[in-house]
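Just to be clear, the model below is a prediction. Sequence and coordinates:
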Amino acid sequence: MTAPPNGRPGPPVLQGAELALGYAGLAGLYAQLEADVAADTLDCAWNAGIRRFDTAPF
């Protein structure tokens, strides 16, 4: 058995897929959210390597 192209066992990984963070929950669509919690969430996402942010209102 040979290793998959990504070198990891398990199912194939989508090539070119990116993880994104949606802003709807941070903007209060579902419930009120404190500004510092929203800012901390964005900081954590950035520090985790997320560079795609969905800013559409709906």
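Everything's here; your move. Note that the structure is a prediction, hence the values are computed from the model and not measured.

helix/strand/coil for the closest residue in space to Arg51 that isn't next to it in sequence?
Closest residue in space to Arg51, ignoring its immediate chain neighbours: Glu18 at 7.6 Å, by CB to CB, 6 or more residues apart in numbering. Every C-beta, even on glycine, is put in place using the N, C-alpha and C of the backbone. Here Glu18 is recorded as coil under DSSP: H, G, I helix; E, B strand; the rest coil.

how about the helices of this protein, start to end?
Secondary structure of the chain (DSSP state H): helices at 35-47.

Show me the shaky parts of it.
For the chain, the stretches with pLDDT under 70 are 1-17, 57-58.

follow-up on the earlier one: ok, now how distant is the residue nearest to Arg51 from Asp54?
Distance of Glu18 to Asp54, given as CB to CB, to the nearest Å: 11 Å.

Gln32 and Ala38: what is the separation?
For Gln32 relative to Ala38 (CB to CB), the value is 10 Å.

higher neighbour count, the two?
Ala38 (15 against 5; other CB atoms under 10 Å).
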